[in-house]
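Q: Next come a sequence and a model predicted from it.
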Amino acid sequence: MQILVECELEIRLVLSPDRNLPVPARLTYRADDPYAAHIAFHVGQGASVTWTFARELLVEGVFRACGEGDVRVWPAKVQGRDILCVALSSPDGDALLEMPSSVVSGWLERTLRAVPPGLESEVLGMDKALRDLLEAAQGDDLCVRDPSPSDESGDGGGVLP
């Protein structure tokens, strides 16, 4: 069963301190990709641009400034409204987005109920897969060890000049 948490919202693309442009968008979270959050910006005539980044970045960004590089997130107040600011950078340009904090927070709460923090690797089955791999390796009499022969004489055996 696929768990999908989506939310349609209108964000604001900040063009200047006095001017912004509304952009319809969709927040998407999929349990089969439990560490990621996706934002698809509907830029016209069925076309969209999607950014993918860590869900934890949005969770932390609701409370304090975080992120570096391509995606930075921080809470703010604009004209008495609580918003979440998201700054995106790419080789094609930069964008500053404003999202309604209550809408993003509500969506995040639903994602955290779907896959609680710290349980992402269980959803992916990574621990079980690693355990199975190690058990299979032991059954094949394989082990991980230093491939160089032991040299107790102290002359550095196994080390090439």
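A: Ah, there it is.
Q: What confidence value was assigned to the closest residue to Val73 other than its chain neighbours?
A: Closest residue in space to Val73, ignoring its immediate chain neighbours: Gly61 at 2.8 Å, by CB to CB, 6 or more residues apart in numbering. All C-beta atoms are positioned from the backbone trio N, CA, C, and that covers glycine. At Gly61, the pLDDT value in this model is 97.
Q: cool, Gln138 as well?
A: 69.
Q: Next: the one 4 residues further on.
A: We note a pLDDT of 52 for Leu142 in this prediction.
Q: and what of Arg131?
A: Reading off the model, Arg131 has pLDDT 68.
Q: same thing with Gly125?
A: Gly125 is assigned 58 on the pLDDT scale.
Q: try Gly158
A: pLDDT for Gly158: 46.
Q: in the chain, which segments are predicted with low confidence?
A: Flagging of the chain using pLDDT under 70 yields the residue ranges 1, 123-133, 137-161.
Q: Sticking with Glu135, tell me its helix or strand.
A: helix 126-139 (DSSP states H and E).
Q: Any idea which residue is closest to the centre of this protein?
A: In the chain, the residue lying closest to the centroid (CA atoms, centre = their mean) is Ala54, at 1.3 Å.
Q: what bridges to that residue?
A: Beta-bridge partners recorded for Ala54 (DSSP bridges): Ala36.
Q: in the protein, which spans are strands?
A: Ranges of strands in the chain, per DSSP state E, are 4-16, 19-30, 36-44, 47-54, 71-78, 81-90, 93-100.
Q: Looking at the ones you listed, which is nearest to Ala114?
A: Judged by CB to CB, the one of the strands of the chain that comes nearest to Ala114 is strand 4-16, at 5.6 Å.
Q: just the angle between that closest one and strand 81-90, please?
A: Per axes from the mean of the first three to the mean of the last three CA atoms, to 10 degrees, the angle that strand 4-16 makes with strand 81-90 is 80 degrees.
Q: So in that sheet, which strands flank strand 4-16, and in what orientation?
A: Strand 4-16 pairs in its sheet with strand 19-30 (antiparallel), strand 93-100 (antiparallel), by DSSP bridges.
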